[in-house]
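Engineer: all I have is the shape, not the residue letters:
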């Protein structure tokens, strides 16, 4: 591990102090730090001051609000998500997604907010500084080229947070604290630009995720090179409501193939208002495969990641349909 350059650390105890600290130039949010600290050793990203959220106890809580929604503080650890009874019973797809992150040690340290706001990754960028010196600076390094997609005028680095597609499928809402606190659907915090991939301004931070009181049924699937530790090469989540003998309001979302999660609306239209036959599920998987256009910035090649997307969507939809059917005695 390369040594960190000198940094300042501040741990505010009140939200307004946190907002003021994050508004300063060169400030960055520190949650669990399981991804940020190793990245700083490679100067990915760079900052002068770490503003820790550890002093805000309210951000660790997982609680049911008066309207029945489940509010999960951004500083709740991924291990908390995995074992919390309200999540395991009411939102099992989120527990499965959290369980898929890293290793037990990383889940004990990493937070839900950190996973949602995880910095984008690229095999041309996430390398030691000496390795990167062999290439011209990319968009994230202050240059004007993307080595993974030279024809693109923006960065296409990968959003690798495993909890993201599950939260999108569950219709989660992000709670942003700043001078003007706001709430918005979780998918709307992503810009689609790998360099500045979050609609979170200086002086703002993700405080919590809010899940609906009556969540849809949902399923999550992940593909990675090894069965532990590795970031996803692709992941997917699906959800729907079973009503009047058919699946309604389906959501099909694929992630880890670009800078933002992707809603596969063609597959959602195909699945809406029907029972899911094998043929329909396979057709939805084909639509998901055609909807994604990954670049050569992961470990798998482009074709492999597209094939993985198809398989993940098919399996997630199959999980939901099998769970719905009554067991044969």
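Structural biologist: Thanks, I have the structure now. Since we're looking at a predicted model, the values are computed, not measured. Numbering: from 1, shown residues only.
Engineer: going forward, measure contacts and count neighbours with C-alpha atoms only.
Structural biologist: Fine.
Engineer: in this structure, which spans are strands?
Structural biologist: Ranges of strands within the chain are 8-10, 27-30, 49-52, 62-64, 70-73, 173-177, 182-185, 205-211, 217-223, 234-243, 246-255, 262-263, based on DSSP state E.
Engineer: leaving out chain neighbours, which residue sits closest to residue 298?
Structural biologist: residue 123 (6.0 Å; CA to CA, 6 or more residues apart in numbering).
Engineer: spit out the contact partners of the one you found.
Structural biologist: Neighbour list for residue 123: 297-299 [criterion: CA atoms under 8 Å, 6 or more residues apart in numbering].
Engineer: residue 166 now?
Structural biologist: 93-94, 97, 218-220, 236-238.
Engineer: ditto for residue 121
Structural biologist: In this structure, residue 121 makes contact with 157-160, judged by CA under 8 Å, 6+ apart.
Engineer: repeat that for 10 Å
Structural biologist: For residue 121, the contact set (CA atoms under 10 Å, 6 or more residues apart in numbering) comprises 44, 156-160, 194-195, 231, 256, 258-259, 297-298.
Engineer: likewise residue 238?
Structural biologist: 93, 165-166, 168-170, 216-221, 250-254, 263, 268, 312-317, 319-320.
Engineer: mind redoing it with 7 Å?
Structural biologist: Going by CA atoms under 7 Å, 6 or more residues apart in numbering, residue 238 touches 169, 218-220, 251-253, 316-317.
Engineer: would you turn the residues you listed into TSV with pLDDT and distance to residue 81?
Structural biologist: Putting those into TSV (pLDDT from 0 to 100; distance: CA to CA, whole Å) gives the following:
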residue	pLDDT	distance to residue 81
169	98	16
218	98	16
219	98	16
220	98	15
251	98	22
252	98	22
253	98	21
316	98	20
317	98	23
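Engineer: which of those residues sits closest to residue 38?
Structural biologist: Distance from residue 38 was checked for each of these by CA to CA. The minimum falls on residue 220, at 27.5 Å.
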